[in-house]
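Novice: based on what follows, work out the 3D shape:
(2 chains)
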Protein chains: 2
Amino acid sequence: MDAKNITIIGLGLIGGSLGLSLKSRGLASHVIGVDTSDEHGRIALERGLVDEVKSLEDAVGSSEVVFLAIPVDRMVNMLPEVLDLVDRQIVIDLGSTKSQLMESVSGHPRRGRYVAAHPMWGTEYSGPQAAVEGAFENKAVILCNADQSDADASLWAKEMFRQIGMHIIEMDATDHDLHAAYVSHISHITSFALANTVLEKEREDNAIFEMASAGFESTVRLAKSNPSMWVPILRQNRENVLDVLNEHISQLRKFKSCLEKENWAYLEELITDANKIRRILK
Amino acid sequence: MDAKNITIIGLGLIGGSLGLSLKSRGLASHVIGVDTSDEHGRIALERGLVDEVKSLEDAVGSSEVVFLAIPVDRMVNMLPEVLDLVDRQIVIDLGSTKSQLMESVSGHPRRGRYVAAHPMWGTEYSGPQAAVEGAFENKAVILCNADQSDADASLWAKEMFRQIGMHIIEMDATDHDLHAAYVSHISHITSFALANTVLEKEREDNAIFEMASAGFESTVRLAKSNPSMWVPILRQNRENVLDVLNEHISQLRKFKSCLEKENWAYLEELITDANKIRRILK
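Specialist: Numbers count the residues shown, from 1 in each chain, chains lettered A, B, ... in the order given. Below you'll find the model as predicted:
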């Protein structure tokens, strides 16, 4: 693959880590960063995530590929604006929800230049200081409605994701949002709620945190995730998330009922059912 | 510390890992294993977790220290039986619940020889094949009602836990069980319930698992935990766990209400509150 001039809009965890991946794999001859925060731009330059920081218009005008890695509420406004500026550039978003985004550019004259992607990688940290080398290796990336992208744009995106170590799954945007509610969005809600459960208690007694073990840490670490990223995701995916959350609460009520009724045989059955997750997680 | 002849009853994840720690730190001159499963005994010998496997009576009779690392339902029967066999030996349990266990030996003529301990370490795996080297390093161990133990027994236990890398927290058994419900038991229930939520859906569609990311894995991994360990823990700690579970369900309902009413300001507030867990988890 020829190295290209590439713009990354949004120099946070995802955009910043992508800058590092593109540079280390020789996929970018020059990486231009765009960010509303001067501080983020400065850190991204210092850390070598990008080579230069420019305004949106200048950056898009001098690039062959433009990535968007911003919160999904800003994405639905920004994506059509970017396509307005585009001639033959390839535009790729990296957001966590897709249905509303698809609507925002449906019928846009440059729709074909756009490829919808959701790399299944992230951490509970945010900002350019959280960006890491090798972030996307051995992870999945979901490409949505790839048939609506021009063949050259779609092909380049696929080859690029493969070269940074990802395997590609193709899916309809509607299916994507449903599945994302199950494998990502609900995990964040349970983690937020668990943190609040324990923090509520901690007002009374600090000792519990001295006891916190790796198991607790693992179920609660996502609770550190940034609200400016997660409120928009949960808002855009509201209906799917509500369905999954209702199901999850009803699953928790089964455990509650076992404990209330001292039905230990059923509790054992519920746990044995849950163990089947071993099939999926090594 | 002089190396001692030590018996470990229960050659699973915890007992097996303790065998490795005691041997590598030179705290045991000889480790005798006791297990109801011949297969576990065989694996423990093969893996070098213990030096010898014996019957309970023979093992206790030829040891200076006896550890119990068995499910908490069997513990409440086994601990008084072991104390019946004891003369000057030190007896230490490593179980996850303490109140009922304390009752089971309250008034026992050898009560002073017993030290109640809960090392805050574990994984979602079980059996001697899951035992690992260095398991307890930099973890906490809770000692309960240490004033009811003979001074020499309590002192030896503390020094031993320090030498395998643990820091000691002392606590009343009742407080222990309350706190354990918050920092350990509820995490397991949320994980079991989350696994069941997703597995329920998976019957319809397998694609969601191809998408499963590290965040999902982290919140769900405890769902692999063994029911023969966890049913007894949840049963013995039923009242505390029910209180925490009710609180957790009401926290989840707040998220549900935000989504239903599209109250995004309150959702942001809930997530910002949850972020305060950063104070506790690095």
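Novice: dump the residue contacts of the residue in the stretch 1-150 of chain A that chain B sits nearest to.
Specialist: Nearest residue of the stretch 1-150 of chain A to chain B, counting by CB to the nearest CB: residue A:120, 4.2 Å away. Where you see a C-beta, it was placed from the backbone N, CA and C, and this is true even at glycine. Residue A:120 makes contact with A:139, A:140, A:141, A:142, A:184, B:211, B:212, B:213, according to CB atoms under 8 Å, 6 or more residues apart in numbering or on different chains.
Novice: mind checking which of those are in helices?
Specialist: residue B:211 (DSSP state H).
Novice: between the contacts of residue A:120, which sits nearest residue B:89?
Specialist: residue B:212 (48.1 Å; CB to CB).
Novice: which residue, neighbours along the chain excluded, lies closest to that closest one?
Specialist: residue A:183 (4.8 Å; CB to CB, 6 or more residues apart in numbering or on different chains).
Novice: quick one, domains of chain A?
Specialist: A:4-171, A:176-279 (automatic domain parsing).
Novice: any idea how far apart the tips of the longest one sit?
Specialist: To tie it back to what came earlier, the one meant is domain A:4-171. 27 Å (CA to CA, to the nearest Å).
Novice: what about it, distance to the chain center?
Specialist: 12 Å (CA atoms, centre = their mean, to the nearest Å).
Novice: OK, contacts around residue A:118?
Specialist: In this structure, residue A:118 makes contact with A:94, A:95, A:96, A:98, A:141, A:142, A:144, A:176, A:180, judged by CB under 8 Å, 6+ apart.
Novice: ok, back up a step: ChimeraX command for the buried members of the contacts of residue A:120?
Specialist: Buried subset of these, written as a ChimeraX selection, criterion 16 or more other CB atoms under 10 Å in any protein chain shown:
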select /A:139,140,141,142,184 /B:211,212,213
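Novice: residue A:81: neighbour count?
Specialist: 12 (other CB atoms under 10 Å in any protein chain shown).
Novice: residue contacts, it?
Specialist: residue A:56.
Novice: could I get the domains of chain A as TSV with mean pLDDT?
Specialist: Converted to TSV, the domains of chain A look like this (pLDDT from 0 to 100):
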stretch	mean pLDDT
domain A:4-171	97
domain A:176-279	92
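Novice: is it possible to export the ones you listed to CSV including distance to residue B:114?
Specialist: Below are the domains of chain A laid out as CSV (distance: least, CB to CB, whole Å):
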stretch, distance to residue B:114
domain A:4-171, 41
domain A:176-279, 21
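Novice: for residue B:235, which of the ones you listed is the nearest?
Specialist: Going by CB to CB, the one of those nearest residue B:235 is domain A:176-279, 5.8 Å.
Novice: secondary structure class for the most centrally placed residue in chain A?
Specialist: Closest residue to the average C-alpha location of chain A: residue A:96 at 4.3 Å, with CA atoms, centre = their mean. Under DSSP: H, G, I helix; E, B strand; the rest coil, the three-state class of residue A:96 is coil.
Novice: quick one: the strands in the stretch 101-250 of chain A?
Specialist: For the stretch 101-250 of chain A, the strands defined by DSSP state E, counting those that start in this stretch cover A:114-119, A:140-144, A:167-171.
Novice: can you list contacts of the second one?
Specialist: If you take CB under 8 Å, 6+ apart as the criterion, strand A:140-144 is touched by A:98, A:102, A:115-120, A:154, A:157-158, A:161, A:166-173, A:176, B:210-211, B:213.
Novice: which among the residues you listed end up buried?
Specialist: Judged by 16+ other CB under 10 Å, buried ones among those: A:98, A:102, A:115-120, A:154, A:157-158, A:161, A:166, A:169, A:171, A:173, A:176, B:211, B:213.
Novice: tell me the backbone dihedrals of residue A:9, please.
Specialist: phi -100, psi 120 (degrees, to the nearest 10).
Novice: wait, it sits on residue A:70?
Specialist: Yes. Under the criterion of CB atoms under 8 Å, residue A:9 makes contact with residue A:70 at 6.2 Å.
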